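> take this sequence and fold it.
(2 chains)
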Amino acid sequence: MKPSLSISPSRRLKDRAARWIVSAGGLAIVASILGIFLFILAEVLPLLSGGSLKEEPAAADAAPLSVAAMLDEHQSTLVALGRDGVVRSRTAAEPFFELAFEGYTSEPVQQAALLPHGRGFLAATRSGALWALLLRFDVEYRADARVTKAVAAGAQPIDLDAAGSAPGLFSGAVAPEGGGLFIAVVGGARLVAVRSTTKENPITGEVTASWSQVSLRLPDGIPAGAIRAMCVDGSARHAFAAAATGEILWWEITDAEGERTAKVTATEGAAPTALAMLIGDRSLVLGRQDGAIETYSMLRDEKAGWLLRRIHTFTPLQSAVTALSTSLRNKGFLAGDQTGNVALYYSTSERLLDSLRLQVGPIVSLDLAPKSDGAVVVGESGIARLSIENPHPEVTWSSLFAPVWYEGDPEPTTKWQSTSGTDDFEPKLGLLPLLIGTLKGTFYSLLLAIPLAIFSAVYASQFMAPALRQIVKPMIEIMAALPSVVLGFLAGLWLAPRVERSLVGMLIMVVLLPASVLLAGAASTMISPSLRSRFPAGVAAACFMPVLLVAGALALSLGGPVEDSLFGGNAGQWITDHLGVNFEQKNAIVVGLAMGVAVIPIIFSIAEDALSNVPRSLSSGSLALGASRWQTVVRVVIPTASPGIFSAIMVGFGRAVGETMIVVMATGNTPVMSWSPFNGFRTLSANIATEIPEAAQGSTHYRVLFLSVLLLFVVTFAANTVAEVIRQRLRKRYASL
Amino acid sequence: MTLHTRKPERGTSYMWLCGGALSVNLLLVLGLLVLLAVNGLSYFWPGEIVLLRKGDGSAFLGEIYQRQEIPKPAGSLEPSLWRTQVKVGNRDLYGFEFVWVDDDQIVSRETPAEALLVERLEFGAFFGYLKELRLASGERISGDDLWNRLGSLLEAKEREREAVADFEAGPIAMLNRELEAVRLGTRRAELRAGDPADRAARIAELEARRKSALALFETRGEELRAMRESLRAEIAVLEEVGGKRKELAVSEIVRVTPSNRLGVSGKLGVYASRVREFLLDDPRESNTEGGIFPAIFGTVMMVFLMSFAVVPLGVIAALYLREYAKDGAVVRAVRIAVNNLAGVPSIVFGVFGLGFFVYFLGGAIDSAFFPEYAPAAKFRTGGILWASITLALLTVPVVIVATEEGLAAVPRVVREGSLALGATKFETTWRVVVPAAAPGILTGLILAMARAAGEVAPLMIVGMVKLAPAMPISGEPPFVHLDRKFMHLGFHIYDVGFQSPNVEASKPLVFATAFLLVVVVTVMNLVAIWIRTRLRRKYAGAAV
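Below you'll find the model as predicted:
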């Protein structure tokens, strides 16, 4: 037969086009799955990229040798303090020009320090004076272009002692509200703190500064001369110093005059050489003579009060750490050493993001730009600009899945707490509590669903009368179609308070319901055969319904008295008191029940399919050999169909893992790590649903949420693939039997 | 088998347990449906208005909401006490809407015939008595005439309220759109490169349009003010149970129900009127009262948009699997892929939709075609289009599976007959096989629609809002607004039930919404099942 002979070209074209389109469409399904996977993966992958430090080529221009330098928010203006004591500013458009400070005449600078947060410089001049040179960056818009200008905001001589002795080591900070704190070793023997407080007259608006001086007492055995590094926190209330012998000393400095005693924490390692405070003023970065870098967090101990505890240790630099600069955006910092290496670290994740060797000699001063996207490095023999790319420093595999030592905690923990109201918040992106929450929800729902669904499937496929089947199958399908938002609503607002009120009754139900079925069954055998023959086994399920209703009501009414006599009238309270778990109204039992309802029909229909497709020849053979119906089911039908049952459980598992609305609505959504059925949890899916609309596109938080999506995708994909492969094999086996 | 006459065979008790498990499942489904039906349908029924007096002289007028055993302190073995929760309404006067009254403190309980339930546009229900009507003419009506006059007045006011709403939605809204169009046009002209003179002319022209629109706004605004004033001219004086009086503009009253005086037919009338309001009106009081029409409309429109995408995709894929592909590794891979797509959690699709459709595609569309909207977004934000496409991805496996089944049921002889008559494969497929498989496709489509109607998690991410200010279809060009956000029944349940400030007061409404949603989904499923059963029966003998 050659039908093609009679086919006109246009018809043939259409036929061919249709073939192409249909084939393309079929493959598009595979492609779209692959596409979804690849897209999600592409959103996750940047998480793994490290940071990068790059030297900007044009930066080393003809500036006089500097002792310290800083950048504005847009990195368009560089301000440097020269060795001659002159402050110079430079923008992309203009060469260096001098900034004049009122009341300050420049003279050569012996030593300098940066005031954190881009507030200016501290300079000790050759004549022995210590100056705070305050800066401000003003932004204006000229013809749609942004111009940032450095402005000299004032010069303040800091009066360290009456004798006017020159400062040794010094440090200082100006708080955002205006007050400042400056500390210095004076005359090689004393440690002095000078605090300025500004007060604004509410009527005139005039700002007056008052100065107070405090002497900081050093512990015995630590002379002032042994102090190697100092810093002041961003709120200008605490001063920190590190001694050559390893102790970190700190003082809280309030407005009152007088002497302050140091709190001391001993540390181990080489002599400290640099100290800096991370944003948030809760942890301290310490650099040592041998290049070691550690962070210490302040935490409150019940007995010892406030103390410092080492929480992170980083990959060391190659030589003594000489300069540190902490980020204003996150818990990252930049460190520089004696041999010109700079390295970018991130505290929470303990990551060394990138390092670089610069040809500027030993590093003297470092300043991370306010957005942490650049830095200026001052070395003894030159100045360098860095550009920084560092999109996701907060996470590593281990910070996502293992305990992390967060600031202020007594020990490493796994936490999920992605956002907070403040800028200096340390994001806690541990996925473990969410994973455990997901598994917990899945576990409790499968605990209910697996027995109910599989027993039902066995009954429906093996014993049920065909007439009943006509009703049961559509009902189970409707059960599968119930929107999860409705189940979640009922679970959260209707079921949860009832479970709380009659918890004991529900527990009794677990025993009473099967017992009532057995009793009713046994009773039915007592009835005269003639009556029983009208209720064959095939419709037992329908007959049991009223029995179960009565038993359920009985269990609930028994619940009250039993609760009174065993649990003092309030089981929830009893659980909280005696079992040491918090009893919450929206707990895993409620979710297990609601999600169980969602999962039962899925497991049921696949298992029922597998069971009822077991070739009749097998069961007939078994029955013919004298086995009872139940024996046939247990020894022949179930073993044959067991791959199908397993596959049903896998699909049910996949559904429970990814279920979102029920969990969102029926749990408290607190990410706690507990397997107790009496409290709530937060699952990956609920977490995604509630947080992703708020997460900024491309942020670490956004990508970590995509990672949890990827996890859900991979887990359900694996479960479903296994299930499907098993089912296809089983089908073949049935066909061959 | 005649085994009944003998002693029960071994393992019968296990069989009972299996039967018991199945009946538990059936009870769960039935129980859920009954629970929803009872709670959802009773929401509209006007309850008795009860006056409870306590021993201390305080009195409460309202509807009984629930009765509950008072939780006892741990260890207490006293006999249980009960308390009653009464919905007393009058939120504006009391600051709360519900009170608990301990049953042992109630000294009297009556149902005063003249007690009224007044449903208002603001502040929810009012329970109390009507004392007086003050008409615009200054006439004061009280006594027997009150009730007759109120009825006709309420009807008149409702018409007037609609007129004001029409005016707001018509001329006023048109002016607002004109102003927005001018703003966007100006921005567009500014952004576009070109001859500066042209640009200046264009901007000047737009400025003139803006001026005339603003001038018109003044006069229209004046008209609106006058309309609103006359709307509020009549006052009803109400009195709550404690004797406090409340003057309420008659136009603020939605419905006055003298529940205790109504017979069954009267109550049925109120019931019908409330159901009508629920289905056809806009929500009030941050979604806790009024109707859910926008949510119904949004759901329906989204489901239809989704159907446009899902049917061709699903049918083509099924045709490939059944008619075109050679059975082998590829087909197996596609089948597994389809099954996996069905098993992937819906939230994954939502996140994919957000990242790919909204941020990636929407961002590209916005920057290419609608730069003037920046920094706001037109397509780079959740909307009905993205929601529909996301749901189409989610539901396509349902259509594929059902269509495949439909195709498989078409007997081979039919195909061979067509081919033998000289038709090409395409002609056979298109003219013979697909029409024969139409019930299967329809089944798949209905199931997909039902799934989409109930799905919430992905929509939370790609385009739903609590309250959509504008519908996705409207009288303004281009009439269909695919970029708009929309309301959805399922999300409405979540939002009102869990995010609203007054969960207890809105719970009945959520039950009604949930019931509606479940009815829609159940009916769709039953229809699909019915079609499928017929299809199976039709081809039961024919499949070769």
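> tally of neighbours for residue 296?
No chain in the question, so chain A it is. Per other C-beta atoms under 10 Å in any protein chain shown, the neighbour tally for A:Tyr296 reads 24. For glycine as for every other residue, the C-beta is placed from the backbone atoms N, C-alpha and C.
> chain B is the one I meant
Using other C-beta under 10 Å, B:Ile296 has 21 other residues around it.
> roughly how far apart are B:Val518 and A:Ala542?
Counting by C-beta to C-beta, to the nearest Å, the gap from B:Val518 to A:Ala542 is 23 Å.
> between the two, who's got more neighbours?
Shown here are B:Val518 and A:Ala542; by other C-beta under 10 Å, B:Val518 has more neighbours (22 against 19).
> quick one: residues contacting the more buried one.
By C-beta atoms under 8 Å, 6 or more residues apart in numbering or on different chains, the contact list for B:Val518 reads A:482-483, A:486, B:33, B:36.
> in helices, which of these fall?
If you go by DSSP state H, the contacts of B:Val518 have A:486, B:33, B:36 in helices.
> neighbour-wise, which of the residues you listed leads?
Going by other C-beta under 10 Å, A:Val486 tops the ones in helices among the contacts of B:Val518 with 30 neighbours.
> which residue does chain B bring closest to chain A?
Nearest residue of chain B to chain A (C-beta to the nearest C-beta) works out as B:Pro345 at 2.2 Å.
> nearest residue to that residue other than its sequence neighbours?
Nearest non-adjacent residue to B:Pro345, counting by C-beta to C-beta, 6 or more residues apart in numbering or on different chains: A:Gly658, 2.2 Å away.
> then B:Ser80?
B:Glu69 (4.9 Å).
> quick one: contacts for the residue of chain B closest to chain A?
Counted by C-beta under 8 Å, 6+ apart, B:Pro345 has contacts A:654-655, A:657-660, A:685, A:712-713, A:716, B:457.
> got any ranges where the stretch 251-400 of chain B has weak pLDDT?
Within the stretch 251-400 of chain B, the stretches with pLDDT under 70 are B:374.
> what is the neighbour count of residue 108?
I'll assume chain A. 14.
> other chain: chain B
B:Ser108 is flanked by 10 other residues according to other C-beta under 10 Å.
> enumerate the residues of the stretch 601-737 of chain A near chain B.
Proximity of the stretch 601-737 of chain A to chain B (C-beta under 8 Å from any C-beta of the partner chain) is limited to residues A:601, A:604, A:628-631, A:633-634, A:651, A:654-655, A:657-661, A:664-665, A:685, A:688-689, A:692-693, A:697, A:705-706, A:709, A:712-713, A:716-717, A:719-721, A:723-725, A:728.
> the nearest residue to A:Asp161 once chain neighbours are set aside pairs with what?
Leaving aside its chain neighbours, A:Asp161 sits nearest to A:Val186 (5.2 Å; criterion: C-beta to C-beta, 6+ apart). Note on A:Val186: beta-bridge partners by DSSP bridges are A:Pro167, A:Arg190.
> mind checking pLDDT for A:Glu252?
For A:Glu252, the pLDDT comes out at 85.
> just checking, it touches A:Arg260?
Yes: A:Glu252 is within contact range of A:Arg260, at 7.3 Å (criterion: C-beta atoms under 8 Å).
> any weak-confidence spans in the chain?
All of this is about chain A. Low-confidence segments of chain A (pLDDT under 70): A:1-6, A:58-64, A:143-144, A:162-164, A:200, A:205-207, A:255-257, A:421, A:528-538, A:541.
> hmm, no, I was thinking of chain B.
Low-confidence segments of chain B (pLDDT under 70): B:1-10, B:72-78, B:374, B:464-480, B:539-544.
> longest single helix anywhere in it?
Longest helix in chain B, counting by DSSP H: helix B:503-540.
> quick one, strands of chain B?
Remark: strands assigned in chain B by DSSP state E are B:50-54, B:59-69, B:82-87, B:98-102, B:106-110, B:116-120, B:125-134, B:140-141, B:235-239, B:245-249, B:253-257, B:283-284, B:289-290.
> now do the contacts for residue 37.
The chain I'm using is chain A. Residues near A:Phe37 by C-beta under 8 Å, 6+ apart: A:713, A:717.
> let me rephrase: I mean chain B.
B:Phe515.
> how many neighbouring residues does the residue nearest to A:Asp161 have?
By other C-beta under 10 Å, 22 other residues sit near A:Val186.
> which ones are touching it?
The neighbourhood of A:Val186, defined by C-beta under 8 Å, 6+ apart, consists of A:160-161, A:165, A:167-168, A:192.
> domain ranges for chain B?
B:49-71+B:80-130, B:143-273, B:293-542 (automatic domain parsing).
> pipe the ones in helices among the contacts of B:Val518 into CSV and attach distance to A:Gln417 per row.
Output for those, formatted as CSV (distance: C-beta to C-beta, whole Å):
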residue, distance to A:Gln417
A:Val486, 31
B:Leu33, 40
B:Leu36, 37
